[in-house]
Structure formats: structure tokens, C-alpha cells
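1. Starting from these lines, generate the structure:
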Amino acid sequence: MDDIQKHILAERALAAARTCVASRFAGAAFTYLAGSLMRGEGTAFSDIDLVVVFPSLERAWRESFTEDGFPVEAFVHDPQTLAHYLHQDADSGYPIMANMVATGCIMGSDIDSARVIQAKAARMLAAGPKPLAGVDYDLLRYQVTDLADDLRGTRPPEEIAAIAALLYQKLADLILLGRGAWAGRGKWAPRLMRELDAQLAAEFDMAFGLAAAGDGARFLALADRELAVHGGRYFEGFRQNAPLEARRLE
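-> Numbering: from 1, shown residues only. The predicted model follows:
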């Protein structure tokens, strides 16, 4: 798809977004229109991401629908529920909502309030995730160790591929969060690794590709090398307490 086609697609997406906000979300104070289409990177299969903010709601929600042929993902909030999910992003290390707010095109009547929240989201992104520490860090190290250990023995190729698929996200999280960078799920994980370290990302992609084809040696070596940065394998002494309410009286 050339630049002219991408521009036309972006204009169509913008018109579709305006139509669905006016028809489905009348009364909204403002909306952030985000996603690859607005960045000029979209394809015919890309969706429109909307963060719709009302002055006040009983509860937030998300919904999916189609508008003028575009799949739309709408995240509907008021300022307080939006603040909750922005802070949740900061705690989790996955800035999904923060990215949409910080990079979104603003539509609506209360532009000033939208810009204030957008600036806060941008500052949060610039500050980076909180340091990887505590029980979340221990659990991530344990999960990478456990999955890496599953690659050590001789296994059928299909089992190696299945283990590698599970290890991919956990190892990417350890690489990114362990270096003070935001993490990402799905397509965002390789993108963020390329931004962090293009050579490491290329090595990761090659090793995972071999593992997906049934040869897990390079992916295992990469996991072991990354674990060494964090004190080595973490199995002995790992403990995870169940919640106190985790019981059922029959």
C-alpha cells in the first residue's frame, strides 16, 4: 500500500470515527482516536481504536463493532475510570491505554481537559515502567526458568514449538522490563524489542523461528543468558501464596 492509499484510508477511518462517536456516544466530552490507521501505518484490516470519555459514568466498558467497513474497538470511560486504567498500565508494565491516550488524535468539545490527560499519559510513558522487583519479578524469573527447563530435554518438534510459543512473551517481558523499557503483548513485543536493541531483537526472532520449527537450542541459550543477567535460574526457594479467600466450604 503506497502513501496515497494510506492517506485515503486514514481519512476514511477519521470520517468513520466521527460518525460512530456522534451516533453511538452522544454526550461524550472528548475522544482519543488512536491506532495504526492514524499513524499512517494501517492496512485494509486495521481497526480503529477509540478512547471515549464522558463527564461521568456508572462504570467503564469496552465494545467492538464495525463502522463503514472498519472494525472499531471502543474503550468508554469518565475521567476517574480512565485514571484508574492509566495507573494500572504503569503498575503492569504494559502501557496499552497510556499509548492510545498519549498518541491519539483528540476529538470533541472539551479539548482542554483532553490535553491535560494526554500530557499526563505522555509523561508517564516518558518516565518508563516501575523497576522490576518484588513478587512480580520473582514470578517472571520463575516462569522463564520453568519454560526454559522444558526445552532442555529431547522432545518432538511440535512440543518444542508449543513451549517456545509460551516462552516468547515471558522472555520478552524479562528482556524489556528488566532493562527499564515498557513491555508489550502480541505484535508490540517485537516492535519494542527492536526499539530497545535491534541486534538483540534480530537474535531473538531468529532463535524463536528455529524453535517454532522444532529446534529449541538457540532459544534456550538466549533464555539462559537472560536469566544470568537476573541471577540465573530461579527455581529453588520459589513460593507463591494463594489468596486467603481461596477456599470453598462444601
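2. Give the buried residues for stretch 196-205.
-> Residues 201, 203-204 are the ones in stretch 196-205 that count as buried (16 or more other CB atoms under 10 Å). (Each C-beta comes from the backbone N, C-alpha and C, glycine too.)
3. same check, this time on stretch 188-195
-> Those would be 188-190, 192-193, for stretch 188-195 by 16+ other CB under 10 Å.
4. With respect to pLDDT, which of those residues ranks lowest?
-> When these are compared by pLDDT, residue 188 scores lowest at 93.
5. State the phi and psi torsions of that one.
-> Reported as degrees, to the nearest 10, the phi and psi values for residue 188 are phi -70, psi -30.
6. Make residue 1 into 29 and carry on from there
-> Right, with 29 as the first residue, what we last looked at is residue 216.
7. which stretches of the protein aren't confidently modelled?
-> 29-31, 68, 70-72 (pLDDT under 70).
8. how about 80 then?
-> The chain contains residues with pLDDT under 80 at 29-38, 64-74, 278.
9. what residue is smack in the middle of it?
-> Centroid check for the chain by CA atoms, centre = their mean gives residue 212 as the closest residue, at 3.6 Å.
10. Report the secondary structure state of the nearest residue to that one once chain neighbours are set aside.
-> Take residue 212 and drop its neighbours on the chain: the residue closest to it by CB to CB, 6 or more residues apart in numbering is residue 220, 4.7 Å away. For residue 220, the assignment made with DSSP: H, G, I helix; E, B strand; the rest coil gives helix.
11. swap in residue 101?
-> strand.
12. now do residue 169
-> Secondary structure, three-state DSSP: residue 169 is helix.
13. tally of neighbours for it?
-> 23 (other CB atoms under 10 Å).
14. and stretch 204-211, how far apart are its ends?
-> By CA to CA, to the nearest Å, the extent of stretch 204-211 from end to end equals 6 Å.
15. ok, and what's touching it?
-> 121-123, 153, 156-157, 159-160, 168, 200-201, 212, 217, 220-221, 223-224, 254, 257-258 (CB atoms under 8 Å, 6 or more residues apart in numbering).
16. what's the distance between it and the middle of its chain?
-> Mean-position distance between stretch 204-211 and its chain equals 12 Å (CA atoms, centre = their mean, to the nearest Å).
17. same check, this time on stretch 82-94
-> Put simply, stretch 82-94 sits 20 Å off its chain's centre (CA atoms, centre = their mean).
18. got the CA coordinates for it in CSV?
-> Output in CSV follows, covering the C-alpha atoms of stretch 82-94 (Å, rounded to 0.1, in the frame of the first residue of the first chain):
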residue,chain,number,x,y,z
PHE,A,82,-17.9,11.1,29.2
PRO,A,83,-18.1,13.6,32.1
SER,A,84,-19.5,10.8,34.4
LEU,A,85,-20.4,7.1,34.0
GLU,A,86,-21.6,4.4,36.4
ARG,A,87,-18.9,2.1,35.1
ALA,A,88,-16.4,1.9,32.2
TRP,A,89,-16.7,-0.6,29.4
ARG,A,90,-15.3,-1.6,26.1
GLU,A,91,-17.1,-2.8,23.0
SER,A,92,-16.4,-3.9,19.5
PHE,A,93,-18.4,-3.1,16.3
THR,A,94,-18.0,-2.2,12.6
